[in-house]
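Visitor: Here is a sequence together with a model predicted from it:
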Amino acid sequence: MPPYESLPYRPCAGIMVLNREGLVFIGRRSSGPEHIDETHVWQMPQGGIDENEDPYKAALRELYEETNIRSVQKLGEIAEWLAYDIPRDIVGQAWGGKYRGQKQKWYALRFTGEDSEIDIANPAGGHAPEFIDWRWVAINELAGLVVPFKRHTYERVINEFEKIAR
């Protein structure tokens, strides 16, 4: 494996889905090398951007593949890419050791459907479920629920989108 510092970042789209009350959708990850305890297993939907794929279209695709959510309205996006590093000791276990972390393009979307549209157990397109549970939370709860190495990115996303959440 190449040295950690020379590994690239995986291009990724992140999605803050807000319901009509301004609460944020989070999913509980089923597994992963980054799991450190039972509290920090939650995250907003996110996923890889395919080569030559538009980041916003990737965000919509990933959201659908992870949650079956399609009823959304775009509220905003963060202009620049946000990056985070994964801990060195799990690099070989995540993404086949090809990346040191992710660079993410983040979007805020309003969920305009009913909760019955959300189906994490049977994701769209025959994909394996990524979440084993989900819930709506207040935006100020988010940073405390994610793995610590993602916390700075989540704090930035919260800062950018908290005015939209109201």
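Guide: That came through fine.
Visitor: who's in contact with His127?
Guide: Shown in contact with His127 (Cβ atoms under 8 Å, 6 or more residues apart in numbering): 65-66. Any C-beta I mention is one placed from the backbone N, CA and C, and that applies to glycine too.
Visitor: and what of Ile118?
Guide: Ile118 neighbours (Cβ under 8 Å, 6+ apart): 25, 67-69, 134.
Visitor: TSV please, covering the residues you listed and showing neighbour count, pLDDT and secondary structure.
Guide: Compiled in TSV, these are given as follows (neighbours: other Cβ atoms under 10 Å; pLDDT from 0 to 100; DSSP: H, G, I helix; E, B strand; the rest coil):
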residue	neighbour count	pLDDT	secondary structure
Phe25	24	98	strand
Thr67	23	96	helix
Asn68	18	95	coil
Ile69	23	97	coil
Trp134	18	97	strand
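Visitor: and which of those residues is nearest Tyr56?
Guide: Closest approach to Tyr56 among the contacts of Ile118 (Cβ to Cβ): Ile69, at 14.8 Å.
Visitor: Do a quick rundown of the strands in this structure.
Guide: 9-18, 24-29, 42-43, 46-48, 72-77, 82-85, 101-111, 131-137 (DSSP state E).
Visitor: Leu145 is nearest to which of these?
Guide: Closest approach to Leu145 among the strands of the chain (Cβ to Cβ): strand 42-43, 4.0 Å.
Visitor: Given that closest one, what are its sheet partners and their directions?
Guide: strand 24-29 (antiparallel) (DSSP bridges).
Visitor: Not counting the strand it pairs with itself, show me its contacts.
Guide: Against strand 24-29 from outside (Cβ under 8 Å, 6+ apart): 16-19, 35, 41-45, 66-67, 69, 111, 118, 120, 130-139, 142, 145, 165.
Visitor: Could you turn the buried ones of those residues into a ChimeraX selection?
Guide: The following ChimeraX line selects those of these that are buried, judged by 16 or more other Cβ atoms under 10 Å:
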select :16,17,18,41,42,43,44,45,66,67,69,111,118,120,130,131,134,136,139,142,145,165
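Visitor: So what pairs up with Trp134 in the strands?
Guide: Residues in beta-bridge contact with Trp134 (DSSP bridges): Gly27.
Visitor: Great, nothing more from me.
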